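[1] pasted the sequence and its predicted model underneath.
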Number of protein chains: 2
Amino acid sequence: MLPPLPEVISGLEKIYQAGTVTNMGPLHNELESRLKARLRASNLVLFNNGTLALTAALNALQLPPGSEVITTPFSFAATTHAIVAAGLIPVFADVEPTFFTIDPQSVRQKITSRTSCILAVHVYGFPCFVEELGRIAMQSKLRVVYDAAHAFGVEVHGQPIASYGDANVFSFHATKLFNSIEGGCATVSDPALKDRLKNYRNFGILSEERVASVGLNGKMSEVHALFGLLNLPLLETEMNRRAAVREAYVAELRDCPQIVIPREGDHVLSSRQYFPIRVLKRRDYVYKRLKEFNVFSRRYFFPLISDFECYSYPGLSAGLPVAQQAAREVLCLPFYGDLINGAASRIGRLVREILCEPQGETG
Amino acid sequence: MLPPLPEVISGLEKIYQAGTVTNMGPLHNELESRLKARLRASNLVLFNNGTLALTAALNALQLPPGSEVITTPFSFAATTHAIVAAGLIPVFADVEPTFFTIDPQSVRQKITSRTSCILAVHVYGFPCFVEELGRIAMQSKLRVVYDAAHAFGVEVHGQPIASYGDANVFSFHATKLFNSIEGGCATVSDPALKDRLKNYRNFGILSEERVASVGLNGKMSEVHALFGLLNLPLLETEMNRRAAVREAYVAELRDCPQIVIPREGDHVLSSRQYFPIRVLKRRDYVYKRLKEFNVFSRRYFFPLISDFECYSYPGLSAGLPVAQQAAREVLCLPFYGDLINGAASRIGRLVREILCEPQGETG
């Protein structure tokens, strides 16, 4: 999703007049404050991408170096990479079967004396069991960070998703519903964490003469901030269109016995970012056949992070049966507003037809 | 330095037509290959900023975790932060007094059995003692990484600066002569290192089904790459203008006994990025008085990195007398092509006049 070019051009003219192109310029600060309002966050710090925002959030919590962070293997690689980049050890818990978010029961089983934090993912925007994870954290004195890369605008019982946990991290990458080409942010309730995030983003620089902490370059440029600002007002329309696309898919697929469509309860305001289905049999065959019809679905997330070469060491990847099954079954169908006029229905029908094809050697 | 707006607009139109805004798009790849030619590097990998490029370079060398990297305290904070971000321990060596680059003699003294690497800085574009550092590295089986953030286009005896060491890292931040708003790159001679850098930049992703190593998001967007591409052809003119600015400064300041102007030998092709002088007495007074005349010089680098709160622990910051003196004396005067018509001469005269002012309580 890109804003109209004439608006970008007029924004660039203003950037040229102001003469500031990066280092927390006026557009950067405006986007930061607009997102804070949009996500109803107490504190929000913009970053150049979501991965660095996640690394910064883990860093800001000042967890003991080398302590364990319990996380989900059913996510994008960046979730676990950020743990390692922050000098911490990932420990995988299993997910629950309906919404694929981390299973609180499995989290309890993975807690040891070395555990310092839970890093859960609102995968596809489906909210984690935030209340139960909060209780576990309280009981075991752990911090909770949510990777909310998929969960822009999600609310639970009217509460913004950013109101749960110690930190929430959002991604504004070009593939996201709300994007600034590259970008991300962290939201935190504790103002002390906000200060640490801001320091981390700018090399730990406090003033011309003081550098108090280790930091990197996490600055979003004025040009990227401009794209973010121009994209924000386009969100509502696109979300409504996607709601209709979803309805079209559901109408085609709901009676198909080989397909399960996860659906948030009415207490959840959806992010409208993904349309994941579970294909109980022959998911890879459907994926491949769709590609032959130039329909590009995604086996997102396959393989599990715990099966990546860099993380598949003994002990770490064991005992994750539900996540393994999810990785085998989930398929994300194309999901954007332009599919509104019949295209989603056609793709849905195509999926049904493929599932009726005789089971050959590839099936 | 910004490219003409009409060229940016026409570039954006092409980006909109192509529909790719990030993730190693066509402009990204074109910039990568043009820079490779410009810097005469065997392998070049673009990044979203120089700090992440430096972290990635240290990471790609696969140094033993927790091993020591000998580096200079006379640099921008990012140099040392990257060492820590890569899970390594910084050890400061002193600099030499003429060009402020790391002193090979001091490096030798700091080598222990835990040392794995030397991270030297071509500060202000002044080349390090590359031959001697290369010998030390060979003798002690160490790797050498150069922070070449200031050294775009520098050559030594006709050899490109990128041809020394295991890796060179350049910064394309907006404040640099060549900039892509935010950006940077790493150059390496070993193709295996190039592959590791590319993997690190993109979450360690090898293919749809393989993630082999830990990585982060180091991707430069198409929009930032566009600014880089448009800025490249403007370099030569700006460098020539800066050469004239430098001459104007030198004409005013060369006979001033309180000022020393470092100058590369004729065997060095200069980067024309900074105009640093040493003010032997009352540097801070000159800095403050210039500010009162709306002339913004920079005490770059003061304080030393070894005096930052996060690095000033016993042992680490001791025995750096030459660097301490440099931090007390160096002043970077404003240095850009637009000062060509008399402004540099006026600033030079102003500096001389300030140095003749009676020494008051602030002196």
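    The structure has been received and is ready for your questions. Numbers count the residues shown, from 1 in each chain, chains lettered A, B, ... in the order given.
[2] flag every residue of the stretch 1-150 of chain A that's near chain B.
    Contact residues (C-beta under 8 Å from any C-beta of the partner chain) of the stretch 1-150 of chain A with chain B: A:2, A:5, A:8-9, A:12-13, A:16, A:21-23, A:48-52, A:55, A:76-78, A:81-82, A:84-85, A:87. C-betas here are computed from N, CA, C, even on glycine.
[3] show me which of those are buried.
    A:2, A:8, A:12, A:21-22, A:48-52, A:55, A:76-78, A:81-82, A:84-85, A:87 (16 or more other C-beta atoms under 10 Å in any protein chain shown).
[4] let me know the pLDDT of residue A:3.
    Model confidence at residue A:3, given as pLDDT, is 96.
[5] how many neighbours does it have?
    Residue A:3 has 18 neighbouring residues, counting by other C-beta atoms under 10 Å in any protein chain shown.
[6] next: residue A:205.
    Neighbours around residue A:205, by other C-beta under 10 Å: 18.
[7] pretty sure it sits against residue B:77.
    Yes. At 6.6 Å, residue A:205 counts as touching residue B:77 under the criterion of C-beta atoms under 8 Å.
[8] overlap in contacts of these two?
    By C-beta atoms under 8 Å, 6 or more residues apart in numbering or on different chains, residue A:205 and residue B:77 have these common neighbours: A:211, A:215.
[9] contacting residues around the residue of the stretch 251-363 of chain A at minimum distance from chain B?
    Proximity of the stretch 251-363 of chain A to chain B (C-beta to the nearest C-beta) peaks at residue A:308, 4.0 Å away. With contact set as C-beta under 8 Å, 6+ apart, residue A:308 has these partners: A:77, B:204, B:210, B:211, B:212.
[10] now the second one. Its backbone dihedrals?
    Per-residue torsions, residue B:204: phi 70, psi 10 (degrees, to the nearest 10).
[11] need the contact list for it.
    Taking C-beta under 8 Å, 6+ apart, one finds A:77, A:81, A:308, A:310, B:211, B:212, B:213, B:214, B:215 in contact with residue B:204.
[12] now do residue A:8
    Listed by C-beta under 8 Å, 6+ apart, the contact set of residue A:8 reads A:226, A:227, A:230, B:12.
[13] out of these, who's nearest residue B:327?
    Proximity of the contacts of residue A:8 to residue B:327 (C-beta to C-beta) peaks at residue A:226, which lies at 37.7 Å.
[14] quick one: the helices in the stretch 1-150 of chain A?
    Counting by DSSP state H, counting those that start in this stretch, the segments of the stretch 1-150 of chain A that form helices are A:5-18, A:26-38, A:50-60, A:78-85, A:104-110, A:130-140.
[15] what comes up buried for the second one?
    Buried positions in helix A:26-38, judged by neighbour count with 16+ other C-beta under 10 Å: A:27, A:28, A:31, A:32, A:35, A:36, A:38.
[16] same question, the shortest one
    Buried positions in helix A:104-110, judged by neighbour count with 16+ other C-beta under 10 Å: A:104, A:106, A:107, A:110.
[17] tell me the one of the residues you listed nearest chain B?
    Set against chain B, the nearest of the buried residues of helix A:104-110 by C-beta to the nearest C-beta is residue A:110 (20.6 Å).
[18] show me which pair in the contacts of residue B:204 is furthest apart.
    For these, the farthest-apart pair by C-beta to C-beta is A:81 and B:212; their separation is 12.1 Å.
[19] and the closest residue to residue A:35 other than its chain neighbours, what does it touch?
    Sequence neighbours aside, residue A:44 is the residue nearest to residue A:35 in space, at 5.6 Å (criterion: C-beta to C-beta, 6 or more residues apart in numbering or on different chains). Contacts of residue A:44 were listed using C-beta under 8 Å, 6+ apart, and they are A:32, A:35, A:36, A:162, A:185, A:186, A:187.
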